[in-house]
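Chemist: build me a structure from this.
(2 chains)
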Protein chains: 2
Amino acid sequence: MTDGLTYRDVGVDLASADRAKRAMAPLLQAASDGNTLSGLGAFGGLYAMPADLSEPVLVASADGVGTKLKVAFATGRHDTVGQDLVNHCVNDILVQGARPLFFLDYLAVGDLDESVVESVVGGVARACRENACALLGGETAEMPDFYAPGEYDLAGFVVGVVERSRLLDGASVREGDTLIALPSSGLHTNGFTLARSIVFERMGLGVDDPFPGEAATVGEVLLREHRSYLAELWPLLERGWVRALAHVTGGGIEGNLPRVLPDGLGARVDLGSWRAPNVFRLLGQGGGVAEEEMYRVFNMGVGMIVAVAPENESEVLASLGEGAWPIGAVVAGEGVELDGRASC
Amino acid sequence: MTDGLTYRDVGVDLASADRAKRAMAPLLQAASDGNTLSGLGAFGGLYAMPADLSEPVLVASADGVGTKLKVAFATGRHDTVGQDLVNHCVNDILVQGARPLFFLDYLAVGDLDESVVESVVGGVARACRENACALLGGETAEMPDFYAPGEYDLAGFVVGVVERSRLLDGASVREGDTLIALPSSGLHTNGFTLARSIVFERMGLGVDDPFPGEAATVGEVLLREHRSYLAELWPLLERGWVRALAHVTGGGIEGNLPRVLPDGLGARVDLGSWRAPNVFRLLGQGGGVAEEEMYRVFNMGVGMIVAVAPENESEVLASLGEGAWPIGAVVAGEGVELDGRASC
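Modeler: Next up is the predicted model:
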């Protein structure tokens, strides 16, 4: 039966999948911790629940990297998108006061290029270690007529824990609290469909061209990793100085800050308190994007916003170091008022 | 600045995303449970850790639906793939003895068709309810030049819990244990790249054609939902009658049964103990696929395999009802020996 079909004939190579899995073993091993009970090959990852909390609340979040992946495809650089993913997820549970326990990834590929898979998962594993989070497992799916050769999608899922009494749920936020901004490293993982359209289509740049106004290529600027704020903010959370945290992702400051404020309270953000980094100014000019739209789509240089009691402001600023700045205040009302003209 | 770009111009409609999110609120609400502490819009989902375990182990798994999604696209039927996803994940942690606590989904779409999103997430929510599992959150990503209009990828993550002393880790498996098979409902979520190639290309069938030998269309047969074995197996797990469970997914019986057997033990599976259902026989004939390849790629009618002590065999079979049958035994050695000719 020489014309008999095999799985490999239609693009799914189980032997290659097996090799890719084995290549991941040391990555998972290096990103395990004392609570990891399972090895590679288990159906589910096993993680011993930490026993040091009296009323533990699990906090979980799922996310993807979005079309930032297209920049990775264009540059052939696949070792940073895993960090984007893990750091994004870690920040999302940090805003509720949780520290990460473990992470799982979902990687769907068109063809199983083992070096690309290892590079992507290697980035995931590295970021897990940096966030003291175990990489507990994941799924690598081979979908040959679904993704183009060389393309993939990447999603991830984090589980963390917080003592119930220390949950950040907005209840301690008060009118007059100071809002402090922490800088982003660039676009993080949001607005890439618009950013790519401006840079590659309107401006006609390629990933290897110099990015105007920066000593870096277009690819390097666009791929700058989404920052994790865990290390900077954890000491403040432990001291009880943080009343709310907003992770500035899709929807920008206006879309995210209200999510962590209780009913009856809004925010005033002083646009004159910082200058949007070069990449955002260039995108705005290159695409002729209205300023309001820029603030709705991009983080504009603000990766995280911390609400603190006015009496703790100076200590918090000292702890966060030079990058942080007061960006506004909690006010009566609702929503976010972007106040004054941006300093462009 | 009339030529100024907006996010919507490049295919990302935040207002539509907002409406889709609001449409999901009642779905998440209906699939919450007494431990769910968060509502829609939170950065992370909150779940109070159950306090009824003395040494809880968290068990987590990530999975996708694979190219079964292509059949959903072709039929326009989007309400079953969520069940495939949840049931697959629930089975994957069940094999380690865990019951599910909560689930999160990742849905990446080319264009945000609100009715499709609601249909997909509605299926996820329904399956969560059926598995007594909270739908804690998820991510819907709009990636317009990444997925074709009308296409999407869907992945999911489950977290469950098991008392450490009741973990199924293979330690209680003995030579001579009986293996009992539970029937699958069809392809479940594996082998679809090969199955689609055979059915649509080699055999030239369309999704609305009658499936040969069945009173159902090709689309209906291929979309049959991946079964969850939680309800059937949980009573047996509680009684301590289950020594190991193997979820028969990608890699078939040979690829999955050895994953749950300890070193030094293998399995003999009697191919004459059941007749592969019509769909598998037709795929084998239609594609001229070698029998060994069929057993490596597809579940061949076996969705789950249970290892039990011989003295519990009759009680377990009685509890599982008519669908279950003895399929073989645990033997000294390693790997799986497929014994005898299949009854085709």
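
Chemist: what distance do you get for the residue positioned nearest the centre of chain A to residue B:61?
Modeler: Centroid-nearest residue in chain A, with CA atoms, centre = their mean: residue A:88, separated by 1.8 Å. Separation of residue A:88 from residue B:61 (CB to CB, to the nearest Å): 21 Å. C-beta coordinates here come from the backbone N, C-alpha and C atoms, glycine included.

Chemist: ok, now residue A:283?
Modeler: 39 Å.

Chemist: can I assume residue A:135 sits in a strand?
Modeler: Yes: judged by DSSP: H, G, I helix; E, B strand; the rest coil, residue A:135 forms part of a strand.

Chemist: so it bridges to which residues?
Modeler: On the basis of DSSP bridges, residue A:135 is bridged to residue A:103.

Chemist: number of residues surrounding it?
Modeler: Applying other CB atoms under 10 Å in any protein chain shown, we find 29 residues neighbouring residue A:135.

Chemist: so it sits right up against residue A:126, yeah?
Modeler: No: taking contacts as CB atoms under 8 Å, residue A:135 lies outside contact range of residue A:126: 9.6 Å.

Chemist: contacts only, for the closest residue to residue A:221 other than its chain neighbours.
Modeler: Using CB to CB, 6 or more residues apart in numbering or on different chains and skipping the chain neighbours, the partner closest in space to residue A:221 is residue A:211 (4.3 Å). Residue A:211 sits next to A:205, A:217, A:218, A:220, A:221, A:279, A:282 when contact means CB atoms under 8 Å, 6 or more residues apart in numbering or on different chains.

Chemist: would JSON lines of those residues with pLDDT, secondary structure and neighbour count be doable?
Modeler: Listed next are those as JSON lines, based on pLDDT from 0 to 100; DSSP: H, G, I helix; E, B strand; the rest coil; neighbours: other CB atoms under 10 Å in any protein chain shown:
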{"residue": "A:205", "pLDDT": "98", "secondary structure": "coil", "neighbour count": "18"}
{"residue": "A:217", "pLDDT": "98", "secondary structure": "strand", "neighbour count": "17"}
{"residue": "A:218", "pLDDT": "98", "secondary structure": "helix", "neighbour count": "23"}
{"residue": "A:220", "pLDDT": "98", "secondary structure": "helix", "neighbour count": "19"}
{"residue": "A:221", "pLDDT": "98", "secondary structure": "helix", "neighbour count": "24"}
{"residue": "A:279", "pLDDT": "98", "secondary structure": "helix", "neighbour count": "26"}
{"residue": "A:282", "pLDDT": "97", "secondary structure": "helix", "neighbour count": "20"}
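
Chemist: so what secondary structure elements neighbour the helix or strand of chain A with the lowest mean pLDDT?
Modeler: Least confident helix or strand of chain A, by mean pLDDT, DSSP states H and E, is helix A:14-30 with a mean of 81. If you count contacts as 3 or more CB pairs under 8 Å, 6 or more residues apart in numbering or on different chains; DSSP states H and E, helix A:14-30 packs onto helix A:114-130, strand A:134-142.

Chemist: out of the ones you listed, nearest to residue B:53?
Modeler: Among the helices and strands packed on helix A:14-30, strand A:134-142 comes nearest to residue B:53, with 18.7 Å by CB to CB.

Chemist: report the distance from the helix or strand following that closest one to the chain centre.
Modeler: Under the assignment DSSP states H and E, the closest C-terminal helix or strand after strand A:134-142 is strand A:152-163. Strand A:152-163 has its average C-alpha position 10 Å from the chain's average C-alpha position, going by CA atoms, centre = their mean, to the nearest Å.

Chemist: pull out the buried residues from strand A:152-163.
Modeler: A:152, A:153, A:154, A:155, A:156, A:157, A:158, A:159, A:160, A:161, A:162 (16 or more other CB atoms under 10 Å in any protein chain shown).

Chemist: okay, the contacts of residue A:211 in TSV with distance to residue A:266 next?
Modeler: Output for the contacts of residue A:211, formatted as TSV (distance: CB to CB, whole Å):
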residue	distance to residue A:266
A:205	39
A:217	40
A:218	37
A:220	37
A:221	33
A:279	28
A:282	31
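
Chemist: closest to residue A:44 out of the residues you listed?
Modeler: Of all the contacts of residue A:211, residue A:44 sits closest to residue A:220, with 38.2 Å by CB to CB.

Chemist: name the nearest residue to the closest one, ignoring sequence neighbours.
Modeler: residue A:211 (7.3 Å).

Chemist: returning to what we had before: and the residue nearest to residue A:221, how far from residue A:226?
Modeler: In terms of CB to CB, residue A:211 sits 18 Å off from residue A:226.

Chemist: give me the contacts around stretch A:312-327.
Modeler: For stretch A:312-327, the surrounding residues in contact (CB under 8 Å, 6+ apart) are A:178-183, A:232, A:235-236, A:241, A:269-270, A:273-274, A:302, A:305-306, A:308.

Chemist: so which of those belong to strands?
Modeler: A:178, A:179, A:180, A:181, A:182, A:183, A:269, A:270, A:302, A:305, A:306, A:308 (DSSP state E).

Chemist: can you tell me which of the residues you listed lies closest to chain B?
Modeler: Among these, residue A:305 lies closest to chain B (CB to the nearest CB), at 12.4 Å.

Chemist: in contact with that closest one, which residues?
Modeler: Contact partners of residue A:305, counting by CB under 8 Å, 6+ apart, are A:179, A:180, A:181, A:182, A:245, A:246, A:248, A:253, A:256, A:257, A:327.

Chemist: ok, the second one - contacts?
Modeler: Contacts were defined as CB under 8 Å, 6+ apart; by that measure residue A:180 touches A:305, A:306, A:307, A:308, A:313, A:316, A:317, A:320, A:324, A:325, A:326, A:327.

Chemist: is the second one bridged to anything, and to what?
Modeler: Translated: residue A:306. Residue A:306 has the following beta-bridge partners by DSSP bridges: residue A:180, residue A:245.

Chemist: wait, it sits on residue A:237?
Modeler: No: Residue A:306 lies out of contact with residue A:237 (CB under 8 Å); the separation is 9.8 Å.

Chemist: between these two, which one's more packed in?
Modeler: residue A:306 (28 against 19).

Chemist: just for the stretch 201-344 of chain A, where's the confidence low?
Modeler: Counting by pLDDT under 70, the stretch 201-344 of chain A contains low-confidence residues at A:342-344.

Chemist: ok, residue A:211 to chain B distance?
Modeler: To chain B, residue A:211 is 18 Å away according to CB to the nearest CB, to the nearest Å.

Chemist: that should have said residue A:64, apologies.
Modeler: For residue A:64, the distance to chain B (CB to the nearest CB) stands at 5 Å.

Chemist: residue A:154 is in contact with that residue, correct?
Modeler: Yes: contact criterion CB under 8 Å: residue A:64 and residue A:154 qualify, at 6.6 Å.
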